[in-house]
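Participant: Generate a structure from the sequence data that follows.
(one chain, ligands or ions: 1)
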Amino acid sequence: MPESQAGPVIFAAGSLMPISSPPLQDGAVLVREGRIEAVGDLVDLGRENPDAEVRFFPHYTIVPGAVNAHAHLGFRRKDAPEGGTFSGWLRVLIERLPEKEAWTAEAARDCAREAIEAGTTYIAESSPYGECLPQLAESGLAGTVYAEFFPHEIGTPQEAVEFIVAKVRELREGLPERVDAQVSVHSPYTVDPESSRLAARRTRELGWKLAIHLSESPEEVEFVRDGTGGLTDIFGANKWGGVGVSPVRYAQNIELLAPETIAAHLATGVSNEDIEILAQSGVAAALCPRSNYFLGCGVSPLPGMFARGIRVGMGTDGLWSSPSMNLFEETLFAMRLYGLSGVAGLELATLGGARALGIEAETGTLDAGKWADLAVIETSPEGEDPERDVLEAAAGGGVAATVVGGNMIYNRLGR
Ligand SMILES: [Zn+2]
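Facilitator: Sure thing, here's the model as predicted:
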């Protein structure tokens with residue numbers, strides 16, 4: 001069980017990085033009822049709030065918790081199919097699903113735990129029909145489960161969409177305050193265009209959010225454009241490819257792209273014209289470079305997305321295509337890939353994900369009014385790029401404590 005904080009608490013560290021403002025030496029956040037009430041100097045906040053319990057980590061750094069913008073919790077670490085090609089990997093994944101050996105409740109619990117111990121405070125998870133929701137809800141994390149649906153298993157497009165909407169309503173019953181369920185239109189090669197369009201319209205009408213996988217692999221590009229390649233026989237039922245356009249253009253044509261939508265991957269075949277479509281639609285992106293690397297899926301055009309003001313967050317994806325649930329490690333990989341500074345990387349891992357998911361008013365920085373979502377990292381950065389030092393420590397097992405909504409849900413220091 002997470003440690004619950006009844007009275008006000010001050011979390012303080014040798015260095016505090018709010019993201020929205022410069023780092024503070026011996027900086028602190030005052031937390032009351034789960035939310036940040038003030039940010040400032042430890043001595044000042046302590047003097048002004050003598051009733052607050054003080055948790056000071058002198059040789060550590062406090063940063064906002066990582067926001068994982070695209071993940072799957074259900075994969076266990078062993079038995080991952082070979083990487084190399086996306087369609088080969090997916091075929092093995094589908095073959096193994098009926099056995100439920102790879103995609104289990106136990107795996108979901110373990111993955112959530114691993115994310116927490118790596119300083120994650122918010123996860124956007126996608127699973128078939130939202131089946132990983134119970135494990136996310138009991139983990140202490142804040143997050144959203146996007147319920148994927150597969151129309152060929154259900155019926156007509158209308159029936160499929162009504163089914164998943166009803167399912168999400170059912171999933172939402174009795175959840176913790178900061179855990180939520182939404183709909184995912186899994187991908188252009190698994191959900192037919194009519195079901196996709198109806199789901200997008202229906203969820204938008206309800207004021208809900210939507211997650212999709214988009215332009216992830218060379219095979220997806222080939223399927224959408226030419227109707228051929230390794231993804232044409234997925235489920236033996238996807239006959240709608242070959243429309244002669246890119247996956248991004250296709251997604252726009254079937255109304256999937258909107259500010260409420262988060263599109264995962266965007267790794268293969270994203271042209272400048274596609275970036276323009278993405279920017280104009282207001283859709284957000286979740287990038288998973290380690291998964292893309294493992295599956296031979298290319299590199300997302302991050303600089304172009306930044307230049308056009310697209311909201312970008314990072315995602316770990318799942319353990320069958322990615323080595324860990326550590327979002328800070330994922331971000332460090334992206335920093336090396338794109339030559340990003342530590343400041344840019346730390347912002348991507350925290351505020352970037354929050355913006356992409358439309359929750360930046362609630363989390364992603366250490367600011368008064370937001371939830372107290374933070375990670376305590378074992379490093380006193382003194383180098384030229386302190387934010388990079390922090391990311392390197394967090395990527396390498398240096399997370400000592402994780403706090404979600406003021407609750408310390410992980411604390412290996414015992415203080
Ligand atoms: Zn995914």
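Participant: was I right about A71 contacting A124?
Facilitator: Yes: using Cβ atoms under 8 Å, A71 makes contact with A124 at a distance of 6.7 Å. Glycine gets a C-beta too; all of them are placed from N, C-alpha and C.
Participant: so what sits against both of these two?
Facilitator: G315 (Cβ atoms under 8 Å, 6 or more residues apart in numbering).
Participant: For the two, indicate the residue with more neighbours.
Facilitator: A71 (31 against 28; other Cβ atoms under 10 Å).
Participant: which one's the longest strand in the protein?
Facilitator: Longest among the strand segments of the chain by residue count, using DSSP state E, is strand 53-64.
Participant: centre of the chain versus whichever helix or strand comes after that strand, how much separation?
Facilitator: Downstream of strand 53-64, the next assigned helix or strand under DSSP states H and E is strand 66-71. Computed by Cα atoms, centre = their mean, to the nearest Å, the chain-centroid distance of strand 66-71 equals 2 Å.
Participant: What is strand 66-71 packed up against?
Facilitator: Strand 66-71 is packed against helix 105-117, strand 120-128, strand 261-265, strand 284-287, strand 312-314, helix 327-338, helix 353-356, with contacts defined by 3 or more Cβ pairs under 8 Å, 6 or more residues apart in numbering; DSSP states H and E.
Participant: and with 7 Å instead?
Facilitator: Packing partners of strand 66-71 (3 or more Cβ pairs under 7 Å, 6 or more residues apart in numbering; DSSP states H and E): strand 120-128, strand 312-314, helix 327-338, helix 353-356.
Participant: Give the burial count for the residue lying closest to N326 once chain neighbours are set aside, as a bare number.
Facilitator: Among residues not flanking N326 along the chain, A118 sits closest, at 3.8 Å (Cβ to Cβ, 6 or more residues apart in numbering). A118: 26 surrounding residues under other Cβ under 10 Å.
Participant: Tell me who's in contact with A118.
Facilitator: M325, N326, L327, F328, A394, V399 (Cβ atoms under 7 Å, 6 or more residues apart in numbering).
Participant: can you check V283 too?
Facilitator: Contacts of V283 by Cβ under 7 Å, 6+ apart are L257, A258, P259, T261, A263.
Participant: any idea which of the residues you listed has the most stuff around it?
Facilitator: For these, neighbours tallied by other Cβ under 10 Å; top is A263, 27 neighbours.
Participant: Okay, and the beta partners of that one?
Facilitator: I212, A285 (DSSP bridges).
Participant: Turn the helices and strands packed on strand 66-71 into CSV, columns for distance to G244 and mean pLDDT.
Facilitator: Shown next, in CSV, are the helices and strands packed on strand 66-71 (distance: least, Cβ to Cβ, whole Å; pLDDT from 0 to 100):
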stretch, distance to G244, mean pLDDT
strand 120-128, 28, 97
strand 312-314, 28, 98
helix 327-338, 31, 98
helix 353-356, 30, 98
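Participant: Reformat the ones you listed as TSV; add distance to P8.
Facilitator: TSV is the format used below for these (distance: least, Cβ to Cβ, whole Å):
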stretch	distance to P8
strand 120-128	20
strand 312-314	31
helix 327-338	28
helix 353-356	24
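Participant: Shouldn't L97 be within a strand?
Facilitator: No: L97 is assigned helix when assessed by DSSP: H, G, I helix; E, B strand; the rest coil, not a strand.
Participant: How much space separates it from P81?
Facilitator: L97 sits 12 Å away from P81, taking Cβ to Cβ, to the nearest Å as the criterion.
Participant: And D226, by the same measure?
Facilitator: Distance from D226 to P81, by Cβ to Cβ: 25 Å.
Participant: Counting neighbours, go ahead and name the busier of the two.
Facilitator: Under the neighbour definition other Cβ under 10 Å, D226 and P81 were set side by side, and P81 has more, 17 against 13.
Participant: so who does the more buried one touch?
Facilitator: Per Cβ under 7 Å, 6+ apart, neighbours of P81: W89, V92, L93, W320.
Participant: and with 8 Å instead?
Facilitator: So P81 contacts G88, W89, V92, L93, R96, W320 (Cβ under 8 Å, 6+ apart).
Participant: Where helices are concerned, which of those residues count?
Facilitator: Using DSSP state H, the subset of the contacts of P81 located in helices is G88, W89, V92, L93, R96.
Participant: Show the pLDDT at the last one.
Facilitator: pLDDT recorded at R96 is 76.
Participant: Could you find the closest non-adjacent residue to L133?
Facilitator: V145 (4.3 Å).
Participant: Isn't G282 up against P259?
Facilitator: Yes: contact criterion Cβ under 8 Å: G282 and P259 qualify, at 3.7 Å.
Participant: circling back to that earlier point, could you work out the most separated pair of the contacts of A118?
Facilitator: M325 and A394 (12.7 Å; Cβ to Cβ).
Participant: For my notes, confirm D180 occurs in a strand.
Facilitator: Yes: counting by three-state DSSP, D180 is part of a strand.
Participant: Can you report how many residues lie near it?
Facilitator: Neighbours around D180, by other Cβ under 10 Å: 22.
Participant: which residues touch it?
Facilitator: G143, T144, V145, R172.
Participant: So how do I select the buried members of these in PyMOL?
Facilitator: To isolate the buried subset of these in PyMOL, counting by 16 or more other Cβ atoms under 10 Å, use the following:
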select buried, resi 143+144+145
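Participant: Please narrow the contacts of D180 to those residing in strands.
Facilitator: G143, T144, V145.
Participant: From what I see, the first one and A181 are in contact.
Facilitator: Looking back up the chat, that one is G143. No: the criterion here is Cβ under 8 Å, and G143 misses it with A181 at 10.0 Å.
Participant: quick revisit: how far away from the center of its chain is the longest strand of the chain?
Facilitator: Using Cα atoms, centre = their mean, the offset of strand 53-64 from its chain centre is 25 Å.
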